[in-house]
Structures are given as structure tokens and as C-alpha cells.
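>>> coordinates only, sequence not included:
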């Protein structure tokens, strides 16, 4: 009786996954788009910070031409 129960449990066991962790096309695309998003975001932040810094440097120069208000 116990042998029959063990055999029944063995046949209904969930098959194990492969040892390698293979990534599908969707996973590869997600990684590529994620890296591209991070790089473009960093470039945007760099541009904004440098533009603001340059504008502040020009405005704070003593010989800067300022329009009359």
C-alpha cells in the first residue's frame, strides 16, 4: 500500500526546471530598454545641470550686460 502511494506521488510531482537560467526574448528586450532608459536619463540630467550652471555663471559675471528693468 505504501509503495503504491509513493508511486502515485512520484508521477504527480512537478517537473524540475533546467539548471541554466535562460532568458527569453522579452527579458533581453527589457534589459536593453532599461539600460537605454538609464543612459538617456543620465544624459538629460547632465545637460540640464550644465545648462543651469552655465546660465548662472553668465548671470553672475560682473561685466555681464543686464537689461534695464
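Great, that's in hand. Since we're looking at a predicted model, the values are computed, not measured. Residues are numbered from 1 along each chain as shown.
>>> secondary structure element for residue 35?
helix 25-59 (DSSP states H and E).
>>> pLDDT on that helix, on average?
For helix 25-59, mean pLDDT is 95.
>>> Which strands and helices lie in contact with that helix?
For helix 25-59, not one helix or strand is in contact under the criterion 3 or more Cβ pairs under 8 Å, 6 or more residues apart in numbering; DSSP states H and E. No exception for glycine: its C-beta is placed from N, CA and C like everyone else's.
>>> Please shift the residue numbers so they start at 10 in all later answers.
Shifting the count to begin at 10 puts that one at helix 34-68.
>>> secondary structure element for residue 32?
Applying DSSP H and E, one finds residue 32 in no helix or strand.
>>> which residues touch it?
Shown in contact with residue 32 (Cβ atoms under 8 Å, 6 or more residues apart in numbering): residue 40.
>>> how much space is there between it and residue 38?
As judged by Cβ to Cβ, to the nearest Å, residue 32 and residue 38 stand 10 Å apart.
>>> related to what we said a few turns ago, buried ones in the helix holding residue 44, by neighbour count?
Buried positions in helix 34-68, judged by neighbour count with 16 or more other Cβ atoms under 10 Å: none.
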